[in-house]
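In: just the structure for this:
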Amino acid sequence: MFQQIIEKNRDHPNVSWRGRFANARIELQSDGQSHYLALDENGISLSDKQPARPITFTLAASAADWRELTGPEPRPGLQSLSAMRRTGHLTVSGDYVAYYQNLLPLELLFSMSRPRPNNAVAAPNQPTIEPTIEPIVGRYINMEVLGRPHRIYFEEAGQGIPLICLHTAGADGRQYRAILNDAEITSRFRVVVFDLPWHGKSSPPAQFQDETYELTTDSYVAVTMAVKEALNLDNPVIMGCSIGGRAVLHLALRHGKDLRAVIGLQSALYAQNKIDGEPSGLRSLHRPDVHGPEIAGALMMGLIAPQSNSPDAWETLWHYMQGGPGVFMGDLNYYFTDGDMRNGLATGIDTAVCPVHLLTGEYDTSATPELSRALAEEINATSFQVMEKMGHFPMSENPVAFRGYLLPVLERIAS
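Out: I've put the predicted structure just below:
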């Protein structure tokens with residue numbers, strides 16, 4: 001099994017290139033048997049014989065789980081090395097820094113090499129018969145947020161009911177490209193997508209070099225409401241994913257009377273304070289001896305459903321690979337700590353005043369369907385649905401399938 005995978009993928013440019021710059025000996029354990037993967041200046045190779053030099057780290061899983069990982073449609077929790085580790089199907093031991101340094105080529109070898117459906121939304125750089133200009137307009141707002149001047153980038157398209165979209169941690173508003181280009185949605189909704197400060201085209205505020213970025217509940221709510229007021233968006237719908245899916249809960253709690261409704265994608269009351277299976281993993285996102293954004297992209301592979309097509313899945317990962325130093329880690333301060341709603345606050349959300357609709361992908365190992373269902377029951381959510389064959393980034397990893405879940409919710413809100 002392992003040999004077939006290596007032979008198939010060893011010449012992939014992004015595998016062989018990273019392999020040549022690595023210096024690791026990796027033990028692959030499977031039901032008591034071991035194989036040894038070498039990543040060095042010679043590229044990537046596999047042997048049944050234990051190498052003379054020490055093992056850098058070990059990956060241990062059952063033979064059945066290894067087979068499912070590399071199969072065409074693994075079950076939720078078995079779609080990647082990161083997902084397997086989160087769900088207890090994979091054990092990592094040894095040099096954790098080296099593990100993170102080599103995580104991307106390992107994911108490319110195992111989880112991202114499987115065939116994926118080709119149902120991507122046409123991207124701007126794909127060839128067409130005639131050049132086309134998308135109906136999206138991008139502009140900047142200069143405004144104060146919590147007493148500090150900011151320059152916030154936003155894009156919009158359409159007319160009608162305002163629909164503000166909040167991106168995930170460490171990424172930016174490009175995740176909502178498909179919705180901004182959806183004529184059926186923009187015929188009834190004015191879709192507005194902004195980049196949080198420090199993200200995308202929204203620069204950090206002045207003097208950012210003298211501080212460490214950390215997103216908080218107060219700052220997230222403040223910047224969202226500041227954009228709402230600056231653009232004169234009356235009674236908007238707010239839709240957010242991941243940290244945005246948490247933020248819509250705080251917005252409904254604090255400003256529900258000013259909102260038409262909120263839509264939480266991958267929403268939960270809390271998330272466990274760990275990355276990739278261990279509490280110390282969070283620090284791997286901002287170390288001088290690792291490439292933080294590349295690790296962020298590799299970790300996010302574990303949250304994408306195997307049924308999501310390759311172009312959209314990889315565009316989602318590219319957004320993470322472009323994040324600023326320490327920004328993803330700063331967002332997770334809100335996701336894991338400051339925005340935790342297990343303190344009973346969520347019970348103050350009045351869904352009769354501000355309807356709350358929840359949509360959660362079944363392959364999400366962070367905001368799992370079970371966690372979203374518990375949230376729905378605690379706040380008496382207006383609607384809740386688990387999205388089959390979807391992961392943590394429904395609007396960007398599989399926008400075609402996501403559209404089928406979102407349109408009925410928008411229709412209900414509009415009517």
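In: now do residue 377: how many residues are near it, please.
Out: As a burial measure, residue 377 scores 10 neighbours (other CB atoms under 10 Å). The way it works is simple: take the backbone N, C-alpha and C, and place the C-beta from them, glycine included.
In: contacts only, for it.
Out: Applying CB atoms under 8 Å, 6 or more residues apart in numbering to residue 377 gives no contacts.
In: how near is residue 302 to residue 78?
Out: Using CB to CB, to the nearest Å, residue 302 is found at 10 Å from residue 78.
In: anything in contact with each of those two?
Out: With CB under 8 Å, 6+ apart as the test, residue 302 and residue 78 both reach residue 84.
In: which residues does the nearest residue to residue 205 once chain neighbours are set aside bridge with?
Out: Excluding its sequence neighbours, the residue lying closest to residue 205 (CB to CB, 6 or more residues apart in numbering) is residue 148, at 4.8 Å. Beta-bridge pairing for residue 148 (DSSP bridges): residue 145.
In: Three-state assignment for the residue nearest to residue 347 when sequence neighbours are not counted, please.
Out: Once flanking residues are discounted, residue 347 sits nearest to residue 378: 6.5 Å by CB to CB, 6+ apart. Secondary structure, DSSP: H, G, I helix; E, B strand; the rest coil: residue 378 is helix.
In: before we move on, back to that, neighbours of the residue nearest to residue 205, just the number please.
Out: Neighbours around residue 148, by other CB under 10 Å: 13.
In: and the pLDDT at it?
Out: In the predicted model, residue 148 carries a pLDDT score of 95.
In: over to residue 282?
Out: What the model reports for residue 282 is a pLDDT of 66.
In: got it, and the one 10 residues further on?
Out: You'll see residue 292 listed with a pLDDT of 85.
In: okay, now it: neighbour count?
Out: A count of neighbours around residue 292, defined by other CB under 10 Å, yields 23.
In: what's the distance between it and residue 285?
Out: 5 Å.
In: hey, where'd the helices end up in the stretch 51-200 of the chain?
Out: Ranges of helices in the stretch 51-200 of the chain, per DSSP state H, counting those that start in this stretch, are 63-69, 81-86, 96-101, 103-110, 177-180, 183-186.
In: returning to that earlier point: how close does the residue nearest to residue 205 sit to residue 59?
Out: 45 Å.
In: deepest of the helices of the stretch 51-200 of the chain, which one?
Out: The highest mean neighbour count among the helices of the stretch 51-200 of the chain, using mean count of other CB atoms under 10 Å, belongs to helix 81-86: a mean of 26.
In: contact partners for the residue lying closest to residue 36 once chain neighbours are set aside?
Out: Using CB to CB, 6+ apart and skipping residues adjacent in sequence, the residue nearest residue 36 is residue 47, 5.0 Å away. Shown in contact with residue 47 (CB under 8 Å, 6+ apart): 35, 36, 38.
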